[in-house]
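[1] here is a sequence with its predicted model. Questions after.
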Amino acid sequence: MSGIIRVPGDKSISHRSLILASLADGESCIRGILDSEDVRATAEVLRSLGAAIPPLADEMRVKGAGIRGLRPPRRALDCANSGTTTRLLAGVVAAHPFSARFEGDASLSRRPMKRVAEPLTYMGARFEFEHGDGLPMTVHGVDLRSIDWDTHASSAQVKSSILLAGLISEVEVRVTEKSPSRDHTERMLRAMGADVEIDGNQVCLRPARRLNAIEIDVPADPSSAAFFVALASLAGGGELTLTDVCLNPTRTGFLGAMTRMGAQVDTTARRISGGEEIGSLRVRAAPLRSTRITEAEVPSLIDELPLLACVAAGARVDLEITGAAELRVKESDRISAVVQNLRAVGADAEELPDGLRVHASRRELSGTIDPRGDHRIAMAFGILSAASGNRITVSNPDCVAVSYPRFWEDLRRVAA
Ligand code: S3P
């Protein structure tokens, strides 16, 4: 195991760069955007709303339409597999004087949308659902009123949806969370001249008449880098360097948990770029020990929990995750998907209502796993497979295209 790898651009920042550039005055320049199925879904929905989004490219320019410049769509908005596309753009549509129908694939259609429908309805928008609170959903937008909303949860998608709705309606919005979720929207809004105040787990956006265009260098996605941090830690030896990784403190929970488990990760070349902390990670193989993840830590590593479970199984240590019921409503029920697949390859794991346990076991791991179409499950088991001595086959490996299309090539290159 050796090499230097620059994983693709951050998915959360990529979605936001397209949305906020479309709402800005003037031409924004986005470099290093993630070209994946999820980000393509956001680009396509924005195009349907009249935004001038060119094909995704390493350097792209987006001419903004202004904060009220989007137009009614002529067809339904297809959000494919992407929760971020749906929830953030529901906030955008809710603040425009038109209606739009949101659709998605089977996985997205099962995911709860009440969490954005509730605050946006309180602000004055109207939502129509056909089955429960999943897609398809039709959003009828209006001039919204101000809101002071406690989410009683920790969700950057909900927070961002409300912030975008307030921005476009030019009203003050305040959102309080249980603990702070990722804050890329707030950082980008500030960099574009908006008045955003953050106080612990509360964020307040004051009305602005316009957003300035922006130049963004999208850093490497820490959720994608996490797969290689895990691989290098589990390897028999060697060293891997991951460059330009976004080290925003709301995203570094996985590194914290791995370090607690004994992983050897050094951070170098720390700098600030476009309002985000970034740096390089040098990871060396190390013996790992057991750990526990509880609710307070969950928002900072929510997307990395399936991987952490695979790391524990690969390192043959105990892991307990609690306070993470949210995993059940991600791209798949990630608690069930992780536990059933770990068992399918011979590991000892059990489901908890709000988490899971992995028990140290010496059994050899081998077999076929079904990622249930979930990119992060496929990649987590891909890492477990590549870690020495594990013969695991991932069925339907192409689902990684949602967030990391060249994952298997990168894995082959560094694990060769
Ligand atoms: C995201 C927020 C998180 C995360 C998702 C991306 C975002 O979801 O799991 O992958 O870009 O805002 P929640 O807001 O549902 O926690």
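    Cool, the structure landed. Residues are numbered from 1 along each chain as shown.

[2] and Cys204, how many residues sit next to it?
    18 (other Cβ atoms under 10 Å). Backbone N, C-alpha and C define where each C-beta goes, glycine included.

[3] does it touch Glu197 like I think?
    Yes: using Cβ atoms under 8 Å, Cys204 is in contact with Glu197, at 4.6 Å.

[4] ok, Arg115 - contacts?
    By Cβ atoms under 8 Å, 6 or more residues apart in numbering, the contact list for Arg115 reads 87, 151, 153, 155, 157-158.

[5] ok, and the most crowded of the residues you listed?
    Most surrounded of the contacts of Arg115: other Cβ under 10 Å gives Arg87, at 26 neighbours.

[6] the closest residue to that one other than its chain neighbours in helix, strand or coil?
    What sits nearest to Arg87 in space, not counting adjacent residues and going by Cβ to Cβ, 6 or more residues apart in numbering, is Gln157, at 3.9 Å. Reduced to three states with DSSP: H, G, I helix; E, B strand; the rest coil, the structure at Gln157 is helix.

[7] now swap in the one 10 residues further on and tell me
    When classified by three-state DSSP, Leu167 comes out as helix.

[8] what about it, neighbour count?
    Neighbours around Leu167, by other Cβ under 10 Å: 26.

[9] may I see the contacts of Arg115 organised as a markdown table, with distance to the ligand added?
    Output for the contacts of Arg115, formatted as a markdown table (distance: Cβ to the nearest ligand atom, whole Å):
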| residue | distance to the ligand |
| --- | --- |
| Arg87 | 7 |
| Thr151 | 10 |
| Ala153 | 8 |
| Ser155 | 3 |
| Gln157 | 3 |
| Val158 | 6 |
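
[10] what is the worst-scoring helix or strand of the chain on mean pLDDT packed up against?
    Lowest on mean pLDDT, DSSP states H and E among the helices and strands of the chain sits strand 2-5, with a mean of 91. Using 3 or more Cβ pairs under 8 Å, 6 or more residues apart in numbering; DSSP states H and E as the contact test, the elements touching strand 2-5 are strand 239-246, helix 407-415.

[11] pick the most buried one from the ones you listed.
    strand 239-246 (a mean of 22; mean count of other Cβ atoms under 10 Å).

[12] okay, the angle between it and helix 407-415?
    Here strand 239-246 runs at an angle of 140 degrees relative to helix 407-415 (axes from the mean of the first three to the mean of the last three Cα atoms, to 10 degrees).

[13] what distance separates strand 239-246 from the centre of its chain?
    Relative to its parent chain, strand 239-246 has a centroid offset of 19 Å by Cα atoms, centre = their mean, to the nearest Å.

[14] could you point out which element follows that strand?
    helix 253-260 (DSSP states H and E).

[15] distance from stretch 328-339 to the middle of the chain?
    15 Å.

[16] then stretch 125-133?
    On Cα atoms, centre = their mean, the centre of stretch 125-133 falls 24 Å from that of its chain.

[17] again with stretch 124-138
    23 Å.

[18] quote the end-to-end distance of it.
    Taking Cα to Cα, to the nearest Å, the first and last residues of stretch 124-138 lie 14 Å apart.
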